[in-house]
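J.: Requesting a structural model of the entry that follows:
(2 chains, ligands or ions: 2)
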Amino acid sequence: MTSPVSPAQPPGAHLPDHPDFLWDNPEPKASYDVVIVGGGGHGLATAYYLAKVHGITNVAVLEKGWLAGGNMARNTTIIRSNYLWDESSGIYEHSLKLWEGLEEDLGYPVLFDQRGVLNLAHSLQDVRDSVRRVNANRLNGIDAEWLDPEGVKEVCPIVNISQDVRYPVMGATFQPRAGIAKHDYVAWGYARAAHAMGVDLIQNCEVTGIETAGDRVTAVETTRGRIAAGRVALCAAGHSSVLAGMVGLRLPIASHPLQALVSELLEPVHPTVVMSNAVHVYVSQAHKGELVMGAGIDSYNGYGQRGSFHIIEQQMSAALELFPIFSRAHLLRTWAGIVDVSPDASPIVGLTPVEGLYLNCGWGTGGFKATPGVGDCFAHTIAHDKPHRFNEPFTLERFTTGALVDEHGAAAVAH
Amino acid sequence: MQLIPCPWCGPREEAEFHYGGQAHVAYPEDPAALTDREWAQYVFFRDNPSGPFAERWSHSAGCRRWFNAVRDTRTHDLLSVYRIGEPVPAPSESEEVNS
Ligand SMILES: Cc1cc2nc3c(=O)[nH]c(=O)nc-3n(C[C@H](O)[C@H](O)[C@H](O)COP(=O)(O)OP(=O)(O)OC[C@H]3O[C@@H](n4cnc5c(N)ncnc54)[C@H](O)[C@@H]3O)c2cc1C
Ligand SMILES: [Zn+2]
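T.: Numbers count the residues shown, from 1 in each chain, chains lettered A, B, ... in the order given. Ligands and ions are numbered 1, 2, ... in the order given. As a prediction, this is how the structure comes out:
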């Protein structure tokens, strides 16, 4: 077999070296001002902004496995802010702005690459909804364009825009400032910077109970002993229902498997990110050259971190219709994460009925893009015991008051 | 792809089925008497256990009937299937279907 890759410049040669030391592995202390449960992107970013913006450094991040080995390690890294409602625009655009300065802020490469995102429309109703979203985005000062099929082809020449297929491309929204980042580097950058400011990052430490006295949280029980805590912040993504259940709190959340897969390394063929809500596939080409493809969620609740084969079949048939050029690409590996889906496809971030216990969950299939934004806002919420203005709309109470933020149409993964 | 044992048709491929979420969530008996909080619980809040879960499935590409199942959400193992109107089988009975 001949390799298309020149040995002088293998794919990924431009990537920074893997660092060999970023943080210690300390023993947990008996007590912390703030204990963050979950060492994914959200937990690490929250710790970083708590230390950096609010000067709160007596903080532990407790992770039951290894740092950022949950959804943070499993997602397709798409970053964008083209959601429909003002509430979502607020927090996702806040996040996108932080992404734009993140390398400098962390002093660490995160390979944020603003290559743009196309969200395809395949029916007249898709077209109308998409144009509405473009208009809503613009009113919120967010870059967005409506492209016809030829415009789509100009941005991404390998998209099949033939109208003679089952789900023809009738156009797309385009957000040029959107893109991808290297998820591991993002986690390592936050972890390294938080560690440098005194935050303890404790791996192999599962929270098994949450202690309260009266209405207040006082400690967590873990597989490495009891740890007293002034405040406890949940950043456990797919496991939030389990943790909230420890204080008798029920959440409107369903945990589902969500899969992704990558191809072998290919020459650069795909210059942007393409998502299709209707046919359940989203594709970008990673920095090294793999095609990274995401699917829709498995319909049933699941904590097993594996999904069904028929979902992959659907995803691949959609991908091949959209990108006939992929027909000979080999699949390298597939995996799944556990995503926490809320009834309105929007997150739940804020206070809980238990004093000192803070909730961050429900980001479902789309929380990677929020990492810097939610870290900043959640840290503010914890430090001031009051929501930041950008997470104020995303309360647990909205399911009682009816003030939902219905983002199913802009969430872009079928669920 | 899992084989799901439809209580009427026997084991069939997962792709023939449609998922219906948590089982045994009864419509409120006296809807007008419910507070907003109780309505929210009925409409939006469901159990989400890591472990055995009683849920509904429809064999939509087969006999098209609904039935209930107890499935372990960690392993995806179907511990038991039973017909609508029947009570949740006791855990010991549940184990057998799978073996
Ligand atoms: C296949 C896939 C594709 C995705 N694609 C995208 C995308 O393109 N763009 C996007 O924006 N988002 C995407 N997402 C969603 C995104 O990954 C999540 O919303 C986001 O990662 C959630 O926040 P997190 O990073 O903190 O979660 P996680 O990384 O899952 O962190 C939660 C951590 O909590 C730990 N934990 C759980 N329970 C306990 C306990 N009891 N004690 C201690 N630790 C505990 C877990 O081990 C885990 O490490 C995708 C997700 C998946 C699975
Ligand atoms: Zn049947």
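
J.: So which bits of chain A are right by chain B?
T.: Counting by Cβ under 8 Å from any Cβ of the partner chain, the residues of chain A close to chain B are A:239, A:241-242, A:250-255, A:299-304, A:306, A:308-310, A:343, A:399-401. Any C-beta I mention is one placed from the backbone N, CA and C, and that applies to glycine too.

J.: again, 6 Å this time
T.: Contact residues (Cβ under 6 Å from any Cβ of the partner chain) of chain A with chain B: A:241-242, A:250, A:252-255, A:299-304, A:308-310, A:343, A:399-400.

J.: Now list the buried members of those residues.
T.: For the residues of chain A next to chain B, a neighbour count by 16 or more other Cβ atoms under 10 Å in any protein chain shown gives the buried set as A:241-242, A:252-255, A:299-304, A:308, A:343, A:399-400.

J.: farthest pair in the residues you listed?
T.: Largest separation among these by Cβ to Cβ: A:308 and A:400, giving 34.0 Å.

J.: what's the neighbour count on residue A:262?
T.: By the criterion of other Cβ atoms under 10 Å in any protein chain shown, residue A:262 has 20 neighbours.

J.: my guess is it contacts residue A:292, does it?
T.: Yes: judged on Cβ atoms under 6 Å, residue A:262 makes contact with residue A:292 at a distance of 5.4 Å.

J.: Identify the residue nearest the geometric centre of chain B.
T.: residue B:55 (1.6 Å; Cα atoms, centre = their mean).

J.: Could you list which residues are in contact with the closest residue to that one other than its chain neighbours?
T.: Among residues not flanking residue B:55 along the chain, residue B:23 sits closest, at 5.3 Å (Cβ to Cβ, 6 or more residues apart in numbering or on different chains). Shown in contact with residue B:23 (Cβ atoms under 6 Å, 6 or more residues apart in numbering or on different chains): B:54-56, B:68.

J.: Quick check, pLDDT for residue B:23.
T.: For residue B:23, the model assigns a pLDDT of 97.

J.: How about residue A:13?
T.: Looking at residue A:13, the pLDDT reads 68.

J.: neighbours around residue A:368, how many?
T.: For residue A:368, using other Cβ under 10 Å, the count is 23.

J.: The one 10 residues further on too?
T.: By other Cβ under 10 Å, the residues close to residue A:378 number 29.

J.: and the closest residue to residue A:228 other than its chain neighbours, what pLDDT?
T.: Of all residues not flanking residue A:228 in the chain, residue A:31 sits nearest, at 3.7 Å (Cβ to Cβ, 6+ apart). With respect to pLDDT, residue A:31 has a value of 98.

J.: And for residue B:68?
T.: We have a pLDDT of 98 for residue B:68.

J.: thinking again about what came up before, within the sheet, what are the partner strands of the helix or strand where the residue nearest to the centre of chain B lies, with directions?
T.: Residue B:55 belongs to strand B:52-58 when elements are defined using DSSP states H and E. Strands adjacent to strand B:52-58 in the sheet, as given by DSSP bridges, are strand B:18-22 (antiparallel), strand B:66-72 (antiparallel).

J.: Show me which of those has the highest average neighbour count.
T.: Of all the strands paired with strand B:52-58, strand B:66-72 has the most neighbours on average by mean count of other Cβ atoms under 10 Å in any protein chain shown, namely a mean of 21.

J.: next structured bit after that one?
T.: From strand B:66-72, the next helix or strand downstream (DSSP H and E) is strand B:78-83.

J.: Report the angle between that following strand and strand B:66-72.
T.: Going by axes from the mean of the first three to the mean of the last three Cα atoms, to 10 degrees, strand B:78-83 is angled at 160 degrees with respect to strand B:66-72.

J.: What strands line up against strand B:78-83, and which way round?
T.: Sheet pairing for strand B:78-83, assigned by DSSP bridges, gives strand B:66-72 (antiparallel).

J.: For chain B, which residues are neighbours of ligand 2?
T.: Contact residues (Cβ under 5 Å from the ion) of chain B with ligand 2: B:6, B:8-9, B:59, B:62-63.

J.: now the residues you listed: which count as buried?
T.: Among these, those classed as buried by 16+ other Cβ under 10 Å are B:6, B:59, B:62.

J.: Now tabulate these in JSON lines and tack on distance to residue A:21 and pLDDT.
T.: Below are these laid out as JSON lines (distance: Cβ to Cβ, whole Å; pLDDT from 0 to 100):
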{"residue": "B:6", "distance to residue A:21": "55", "pLDDT": "97"}
{"residue": "B:59", "distance to residue A:21": "55", "pLDDT": "98"}
{"residue": "B:62", "distance to residue A:21": "57", "pLDDT": "97"}
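
J.: shaky segments in chain A?
T.: A:1-13, A:19-20, A:412, A:414-415 (pLDDT under 70).

J.: any idea which residue sits dead centre in it?
T.: In chain A, the residue lying closest to the centroid (Cα atoms, centre = their mean) is residue A:368, at 1.7 Å.

J.: Residue A:181: how many residues sit nearby?
T.: By the criterion of other Cβ under 10 Å, residue A:181 has 25 neighbours.

J.: out of everything not next to it in sequence, what's closest to it?
T.: Closest residue to residue A:181 apart from its sequence neighbours, by Cβ to Cβ, 6+ apart: residue A:112 at 4.3 Å.

J.: Roughly how far does the one you found sit from residue A:276?
T.: Using Cβ to Cβ, to the nearest Å, one obtains 23 Å as the distance from residue A:112 to residue A:276.

J.: Please say which of those two ends up with more neighbours.
T.: Set side by side, residue A:112 and residue A:276 show more neighbours around residue A:276, with 25 against 20, by other Cβ under 10 Å.

J.: so that one makes contact with residue A:118?
T.: No: using Cβ under 6 Å, residue A:276 is not in contact with residue A:118, being 8.8 Å away.
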